[in-house]
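Trainee: the sequence isn't on hand, but the structure is:
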Ligand code: COA
Ligand code: AMP
């Protein structure tokens, strides 16, 4: 089939508002919007102004009302507990309605903030949709973050309620959530009014009288009594959620998502990018704590009337490298979306793909990869094994949906390995040099998006318009800075090469090296430090911390390094995968005192590097090379 992509993209370029008006017909509005886009509102404008709608209504109720009550909506499959349960749209409506009623009884209403700190269990999705139903705003925090990260988020979004579970289940260990939550609440200045705790049989949490409530027990009664609430009308521009993502400091950025634009963009993407029909089964193997989980485990498949798989487990080790193939065949998944690191993990454990022979994957049509650049080896391996198109696509927490991809629904474009293909409608991409001038075709530079951003993208940061403008709009006036570097080739294909800031990408998770440096600096024996991301075959990057100790320290460096590893695990969380702290005498710096992180990264990755002209003392680079070669890491000169 010839791709319709170019016609569709050109159609959007000719008349962007008409394009989005057409897409907006895929959503049921309570009150029609009066302006498709109003550039005078917010830091760069707002979409679907004057419209009223409800995201939960569009995800759940309208499918119950229009012929899908008995169709699967959420297929929960836990490889770590063996638990499985499918919720039809009608059952989903009952669960979500009941949880919304319970939240409302305790004072949650339109505009109230609710923080959700949960593992991959159905109640996490019910809680998100229940907030949407009430017009409340949710903020989901990934379960792999520890107390301090959670506390920072509690203080920033000031939730009235927290919905949590007694524990998460990681391979080989049960992670108790309640002590982490209790410590976070102790650390934060803001205190929630109440917490709902889903008790799981793997571990029962102790509840604090007057603050904590047993969610499962409350839900049993609420569902039996058919408690529910109506879907509250909210403005299209009202926030649906705030999702924190790493910035360059330890203070995360609260990405705001609105209701109207978000629904329009996600609904469009299901058909045109992913090529999914309502009623089919879509699986995003991510976590509800990340943006991929928000958009493609929960909202997009449900907006589209598809079924979504909620998988609690890993690609390997739960129990083996055939876990993904089992889920695909058992639940008739037509499209899988995951991070390249998951496939690298499978490839490492089962390079010949022998596990696949045990299952029939006949219905699978495509594999989408995102979260980090998909390396050609992994793409080719997966394509060869599965016999379906493997599509790399690029997006960010901030955009909420794909910036550049290969739109299978419009007809597949030729794949160029290393490229995430072409911009989606709504995105006018440019590559600029550091002075803001356009660079030539095929030349590297800063990738920016000409304003306005399309529907679905963040309108601002939570309570921080100025930070939003400063972080994203100030450097290149008229454009949104993606903070990714790359190029556009002669066919308009985008190649995303690296971040232009100190964000690193560990197993598809975005982490701030600045945040980890703040933690290392808290250690009483550390004088200064630098955390860099070093190349890793499995996780893409791993953090590595170089520390200079204060003079007169008596403890051994070995002990201190172990303490530092524990400190990051305790404060940031295990998800940081911080396992390497290296003591050095000095850090390489420019004459003006800036730490030469990029040069250090090249040394550790064993890449060629040029001696920076501004370096203060070149001998320090030799000291760094020596320190890492002692640890068996690469070194080049
Ligand atoms: N709650 C508590 N701890 C968690 C957690 C959670 N929700 N998720 C992860 N962790 C812990 C893990 O147990 C692990 O702890 P450990 O250091 O004690 O082993 C640590 O955080 C790192 O976890 P993870 O990144 O999952 O690494 P892993 O080594 O366990 O598994 C992969 C490696 C590649 C299999 C895994 O990273 C993976 O499946 N990645 C998919 C990527 C993905 O979903 N990306 C989201 C964006 S699309
Ligand atoms: P996150 O906000 O966690 O989704 O991370 C976004 C960042 O991950 C982007 O700015 C990129 O640096 C990186 N990223 C995500 N997807 C891709 C991709 N397909 N190719 C290259 N980099 C990617």
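Mentor: The structure has been received and is ready for your questions. Small disclaimer: the values here were computed from a predicted structure and weren't measured. Numbers count the residues shown, from 1 in each chain. Ligands and ions are numbered 1, 2, ... in the order given.

Trainee: thought residue 543 was touching residue 576?
Mentor: Yes. Shown here, residue 543 and residue 576 form a contact pair, counting by Cβ atoms under 8 Å, at 6.3 Å. Using the backbone N, CA and C atoms, a C-beta is placed for each residue, glycine as well.

Trainee: who touches both of the two?
Mentor: 506, 511, 516, 568 (Cβ atoms under 8 Å, 6 or more residues apart in numbering).

Trainee: sitting in helices, which of the residues you listed do you find?
Mentor: Filtering the shared contacts of residue 543 and residue 576 for membership in helices, criterion DSSP state H, returns 516, 568.

Trainee: if we check ligand 2, which of the shared contacts of residue 543 and residue 576 are in contact?
Mentor: For ligand 2, no contacts are drawn from those by Cβ under 6 Å from any ligand atom.

Trainee: wait, which of the shared contacts of residue 543 and residue 576 is closest to ligand 2?
Mentor: residue 511 (8.9 Å; Cβ to the nearest ligand atom).

Trainee: bridging residues for that closest one?
Mentor: residue 504 (DSSP bridges).

Trainee: which residue is the nearest non-sequential neighbour of residue 4?
Mentor: residue 410 (4.5 Å; Cβ to Cβ, 6 or more residues apart in numbering).

Trainee: OK, contacts around the one you found?
Mentor: Here residue 410 is in contact with 3, 4, 5, 8, 272, 273 (Cβ under 8 Å, 6+ apart).

Trainee: let's see it at 6 Å
Mentor: Counting by Cβ atoms under 6 Å, 6 or more residues apart in numbering, residue 410 touches 3, 4, 5, 8, 272.

Trainee: again, but for residue 273
Mentor: 402, 405, 407, 409.

Trainee: does residue 372 count as helix, strand or coil?
Mentor: At residue 372, secondary structure determined by DSSP: H, G, I helix; E, B strand; the rest coil is coil.

Trainee: what helix or strand is the nearest residue to residue 550 once chain neighbours are set aside located in?
Mentor: Nearest-residue entry for residue 550: residue 527, 4.6 Å, with adjacent residues in sequence omitted and distances by Cβ to Cβ, 6+ apart. Per DSSP states H and E: residue 527 is located in strand 526-536.

Trainee: can you point out the buried residues in the next helix or strand after that strand?
Mentor: Downstream of strand 526-536, the first helix or strand assigned by DSSP H and E is strand 540-549. Residues 540, 541, 542, 543, 544, 545, 546, 547, 549 are the ones in strand 540-549 that count as buried (16 or more other Cβ atoms under 10 Å).

Trainee: do the same with stretch 557-570
Mentor: 560, 561, 564, 565, 567, 568, 569.

Trainee: just those residues now: which is nearest ligand 1?
Mentor: Nearest to ligand 1 among the buried residues of stretch 557-570: residue 569, at 7.4 Å, using Cβ to the nearest ligand atom.

Trainee: ok, that closest one to residue 547 distance?
Mentor: 16 Å (Cβ to Cβ, to the nearest Å).

Trainee: same deal with residue 139?
Mentor: Applying Cβ to Cβ to residue 139 and residue 547 gives a distance of 33 Å.

Trainee: before we move on, what about residue 85?
Mentor: Residue 85 is 47 Å from residue 547, by Cβ to Cβ.

Trainee: and for residue 337?
Mentor: Relative to residue 547, and taking Cβ to Cβ, residue 337 is found at 38 Å.

Trainee: neighbouring contacts of stretch 341-350?
Mentor: So stretch 341-350 is contacted by 315, 316, 321, 378, 381, 382, 507, 508, 538, 539, 540 (Cβ under 6 Å, 6+ apart).

Trainee: do it and ligand 1 meet?
Mentor: Yes. Stretch 341-350 lies within reach of ligand 1 by Cβ under 6 Å from any ligand atom, at 341, 342, 345.

Trainee: off-centre distance for that stretch?
Mentor: 20 Å (Cα atoms, centre = their mean, to the nearest Å).

Trainee: now do that stretch, average pLDDT.
Mentor: Here stretch 341-350 scores 96 as its mean pLDDT.

Trainee: so what's the closest residue to ligand 1 within the stretch 351-500 of the chain closest to, chain neighbours aside?
Mentor: Nearest to ligand 1 in the stretch 351-500 of the chain, going by Cβ to the nearest ligand atom, is residue 371, at a distance of 3.8 Å. Excluding its sequence neighbours, the residue lying closest to residue 371 (Cβ to Cβ, 6+ apart) is residue 508, at 3.3 Å.

Trainee: please tell me how far the one you found sits from ligand 1.
Mentor: 3 Å (Cβ to the nearest ligand atom, to the nearest Å).

Trainee: how many neighbours does that residue have?
Mentor: Residues lying near residue 508 (other Cβ atoms under 10 Å) number 20.

Trainee: just checking, it touches residue 339?
Mentor: Yes. Here residue 508 reaches residue 339: they are 3.1 Å apart, a contact under Cβ atoms under 6 Å.

Trainee: which residues do the two both contact?
Mentor: Contacts common to residue 508 and residue 339, judged by Cβ under 6 Å, 6+ apart, are residue 371.

Trainee: ok, back up a step: same list (the buried residues of stretch 557-570) but as CSV, adding pLDDT.
Mentor: Shown next, in CSV, are the buried residues of stretch 557-570 (pLDDT from 0 to 100):
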residue, pLDDT
560, 97
561, 97
564, 97
565, 97
567, 96
568, 96
569, 95
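
Trainee: show me where the stretch 51-200 of the chain has its strands.
Mentor: Secondary structure of the stretch 51-200 of the chain (DSSP state E, counting those that start in this stretch): strands at 52-53, 72-78, 84-88, 113-117, 137-140, 161-165, 167-170, 173-176, 194-198.

Trainee: quick one: closest of these to ligand 2.
Mentor: strand 137-140 (13.6 Å).

Trainee: contact partners of that closest one?
Mentor: Contacts of strand 137-140 (Cβ under 6 Å, 6+ apart): 113, 114, 115, 116, 128, 131, 157, 239, 241, 242, 288, 289.

Trainee: so how far is it from its chain's centroid?
Mentor: Chain-centre distance of strand 137-140: 14 Å, with Cα atoms, centre = their mean.

Trainee: any part of it near ligand 2?
Mentor: No. Between strand 137-140 and ligand 2, judged by Cβ under 6 Å from any ligand atom, nothing touches; the nearest distance is 13.6 Å.

Trainee: quick one: that strand near ligand 1?
Mentor: No. Residues of strand 137-140 are not located near ligand 1 by Cβ under 6 Å from any ligand atom, the shortest gap being 11.4 Å.

Trainee: what is the rounded mean pLDDT of that strand?
Mentor: Rounded mean pLDDT across strand 137-140 is 98.

Trainee: got it, and stretch 275-291?
Mentor: Mean predicted lDDT for stretch 275-291 stands at 98.

Trainee: give me the neighbour count for the residue of the stretch 101-250 of the chain found nearest ligand 2.
Mentor: Closest residue of the stretch 101-250 of the chain to ligand 2, Cβ to the nearest ligand atom: residue 245 (5.2 Å). When neighbours are defined as other Cβ under 10 Å, residue 245 has 19 of them.

Trainee: looking at it, it is touching residue 397, isn't it?
Mentor: Yes. Residue 245 lies in contact with residue 397 (Cβ under 6 Å); the separation is 4.0 Å.

Trainee: okay, now residue 619: neighbour count?
Mentor: Neighbours of residue 619 (other Cβ under 10 Å): 10.
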